[in-house]
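# Just a sequence and a predicted model for now, questions to come.
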Amino acid sequence: MKKLRFYFALFAGKLIYFTEKALHKNATFFPGSMAVKLCPDILKYFDKPKQIICITGTNGKTTVTNMLISFYEKKGYSIVHNSYGSNVAGGIVTSFLKDSTFMGKCKKDIAILEVDEKSSRLVFPYMEPDWLICTNLFRDSIKRNAHTEYIAGILDKYIPRKTKLVVNADDLISSRLAESNERLYFGIEKQENESGKNDSLIRDISICPECDTKLEYDFVRYHHIGQAHCPKCGFASAKSDYTVTEIKYDENVVAISEKGRIERYELLSGNIVNIYNQVACVALLKELGFSSDDIKMYLTKDSIVASRFSVVEAGRVKIMTQLSKGKNSIACSRALDFIHHFNSEAKAVFLMVDDLYEEKEGSENTCWLYDADFEYLAQDEVKRVVVAGARHLDHKLRLLMAGVPEDRIVCVLEEKDAVNPLVEAAKELGVDSMFILHEVFGYQRANQVRECVKERLVSNNASN
């Protein structure tokens with residue numbers, strides 16, 4: 001019989017959830033966190049759906065989670081998920097609170113849950129996923145997950161033995177998780193337009209994990225993502241089961257070798273990180289028995305959430321907003337790399353990645369700026385870089401060190417003050433591509449800036 005403590009926590013959590021919803025609050029974390037305080041192992045006692053899919057990793061887990069949720073919803077499944085909430089234990093418990101009866105019986109067909117890497121120790125002992133996707137493992141913010149071995153160690157310890165893994169063959173760190181578990185690999189072959197040379201400042205693994213010899217990289221896509229081998233002991237990157245063999249950006253097509261058979265899918269995003277996300281989803285769905293036709297029909301662009309990446313047009317100017325997590329040098333570098341390789345003759349960039357004043361326990365440590373690849377902005381096509389926030393002068397210093405000319409840098413304290421220099425860049429410098437990089441808590445402010453810039457540009461075009 002389930003513990004009375006569980007039922008008390010369940011009823012209390014549901015009461016908090018419905019009260020918060022009545023007050024028009026998100027109710028994504030607090031109900032579950034309070035339930036966990038009342039019953040620390042509450043997750044253990046919920047009846048679970050027939051299938052549980054979890055997604056973790058440093059970057060891309062939210063995108064992959066939402067892609068899978070969108071697919072299953074279009075197929076008619078009912079889902080327990082946390083796409084609008086927290087990926088830590090409290091948020092996951094909230095997901096079960098809202099989708100369970102007052103006796104703890106699950107009302108949904110399947111669970112698709114994003115799980116924070118560090119929080120896996122509070123989740124997996126009480127909930128055994130059938131499948132776990134790990135997108136990648138990188139160093140994260142210095143206050144949380146700065147050391148990859150630390151995070152990989154937590155996942156290694158708590159991933160259930162029976163859970164099947166879907167891991168990145170091009171990532172020597174995440175591909176080695178829970179090595180005794182059944183697994184399949186996804187990856188991307190070296191493309192014709194890729195040099196294979198490493199121009200990233202960070203590489204989180206350079207020594208063989210088996211014999212401590214320096215690894216030889218056969219191909220580097222970015223940071224430590226690529227293919228490598230050990231010249232001494234023979235350790236090498238895993239062979240991919242689901243492999244992107246060709247990316248045709250002009251035709252918006254990606255070719256994926258599925259255990260030897262080539263299938264072509266719509267390219268959901270031109271960002272290489274999202275191509276990894278797409279092939280990870282394809283790998284899992286094919287293993288679960290879905291047809292290529294189903295995947296082509298139901299795995300669509302609208303599943304990549306706007307809070308991660310969105311595009312609007314204002315006349316001839318394309319304005320893109322993209323998540324670039326504050327204090328996370330890897331996420332920032334991937335966004336900067338996307339800008340660097342974006343095909344445009346005149347670009348403007350607005351950096352609002354300073355989240356110092358967004359958190360009660362924010363850090364003044366700026367060392368992450370010197371790990372991020374701001375050198376990608378030191379190209380002739382970048383005509384203006386606007387920086388905002390309490391640390392805008394730190395950002396300016398880093399840009400100068402990266403080789404960005406000082407006359408291209410504009411500093412403002414408030415985000416709203418970036419509108420004028422961005423509009424002027426389009427009017428006076430011929431900028432036709434704008435990029436607004438925002439941290440996790442800056443999505444709404446980024447949208448406000450984007451809409452103001454769009455309105456001004458449209459108004460100027462109309463008056464001309």
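Cool, got the structure. Residues are numbered from 1 along each chain as shown.
# In the stretch 151-300 of the chain, where is pLDDT below threshold?
Applying pLDDT under 70 to the stretch 151-300 of the chain flags the ranges 196.
# All the strands of it, residue numbers only.
Shown for the stretch 151-300 of the chain, the strands assigned by DSSP state E, counting those that start in this stretch span residues 164-168, 183-188, 216-222, 225-229, 242-248, 253-258, 261-266.
# out of the ones you listed, which comes closest to S195?
Of all the strands of the stretch 151-300 of the chain, strand 216-222 sits nearest to S195, with 9.1 Å by Cβ to Cβ. No exception for glycine: its C-beta is placed from N, CA and C like everyone else's.
# Quick one: distance of the closest one to the chain centre.
Distance, stretch centre to chain centre, for strand 216-222: 22 Å (Cα atoms, centre = their mean, to the nearest Å).
# for stretch 308-321, same thing?
20 Å.
# what's the span of it, first residue to last?
End-to-end distance for stretch 308-321: 8 Å, by Cα to Cα, to the nearest Å.
# Need the residues that contact it.
62-63, 269, 271, 274, 306, 322-323, 344, 426, 431-436, 438, 443, 446-447, 450, 453-454, 457-458, 461 (Cβ atoms under 8 Å, 6 or more residues apart in numbering).
# Let's see which of those end up in strands.
In strands, judged by DSSP state E, the following of the contacts of stretch 308-321 are found: Q322, L323, S433, M434, F435, I436, H438.
# Quick check: the first one touching A335?
To tie it back to what came earlier, the one meant is Q322. Yes: if you go by Cβ atoms under 8 Å, Q322 and A335 touch, sitting 5.2 Å apart.
# Between the two, which contacts overlap?
F435, L437.
# Looking at these two, which is more packed in?
For the pair Q322 and A335, the greater number of neighbours falls to A335 (27 against 20), based on other Cβ atoms under 10 Å.
# Now for the more buried one: which residues touch it?
So A335 contacts Q322, L323, S324, F435, L437 (Cβ under 8 Å, 6+ apart).
# Burial check on the third one, number of neighbours?
So the one you mean is S324. When neighbours are counted by other Cβ under 10 Å, S324 registers 24.
# give the contact list for it.
A331, C332, A335, L336, L351, V353, L437, H438, E439.
# what sits against the first one?
Each residue near A331 by Cβ under 8 Å, 6+ apart is listed here: N59, L323, S324, K325.
# if you set the cut-off to 10 Å instead, what comes out?
58-60, 138, 140-141, 273, 322-325, 353, 372, 437, 439-440 (Cβ atoms under 10 Å, 6 or more residues apart in numbering).
# repeat for the fifth one
L351 is in contact with 324, 332, 335-336, 374, 377, 385-389, 392, 395-396, 398-399, 409, 418, 435-439, counting by Cβ under 10 Å, 6+ apart.
# Identify those among the residues you listed that sit within helices.
In helices, defined here by DSSP state H, the members of the contacts of L351 are C332, A335, L336, H392, H395, K396, R398, L399.
# Skipping adjacent residues, who's closest to the fourth one in space?
Read it as H392. In this structure, H392 finds its nearest non-sequential neighbour in C411, 4.7 Å apart by Cβ to Cβ, 6 or more residues apart in numbering.
# average pLDDT for the helix or strand harbouring that neighbour?
Per DSSP states H and E, C411 falls inside strand 409-412. Per-residue pLDDT over strand 409-412 has a mean of 96.
# So in that sheet, which strands flank that strand, and in what orientation?
strand 382-388 (parallel) (DSSP bridges).
# Kindly provide the distance from F6 to I330.
To I330, F6 is 39 Å away according to Cβ to Cβ, to the nearest Å.
# Those two - which one has more neighbours?
I330 (25 against 20).
# follow-up on the earlier one: quick check: bridge partners of the residue nearest to H392?
Bridge pairing for C411 (DSSP bridges) gives the partners V387.
# Please give the number of neighbouring residues around it.
Neighbour count for C411, taken as other Cβ under 10 Å: 17.
# ok, back up a step: format the contacts of S324 as TSV; extra columns: distance to I225.
Formatted as TSV, those follow (distance: Cβ to Cβ, whole Å):
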residue	distance to I225
A331	13
C332	16
A335	15
L336	16
L351	24
V353	22
L437	20
H438	24
E439	23
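# now those residues as JSON lines including distance to I42 and pLDDT?
Shown next, in JSON lines, are these (distance: Cβ to Cβ, whole Å; pLDDT from 0 to 100):
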{"residue": "A331", "distance to I42": "32", "pLDDT": "88"}
{"residue": "C332", "distance to I42": "37", "pLDDT": "92"}
{"residue": "A335", "distance to I42": "37", "pLDDT": "92"}
{"residue": "L336", "distance to I42": "42", "pLDDT": "94"}
{"residue": "L351", "distance to I42": "41", "pLDDT": "95"}
{"residue": "V353", "distance to I42": "36", "pLDDT": "86"}
{"residue": "L437", "distance to I42": "38", "pLDDT": "95"}
{"residue": "H438", "distance to I42": "34", "pLDDT": "90"}
{"residue": "E439", "distance to I42": "32", "pLDDT": "85"}
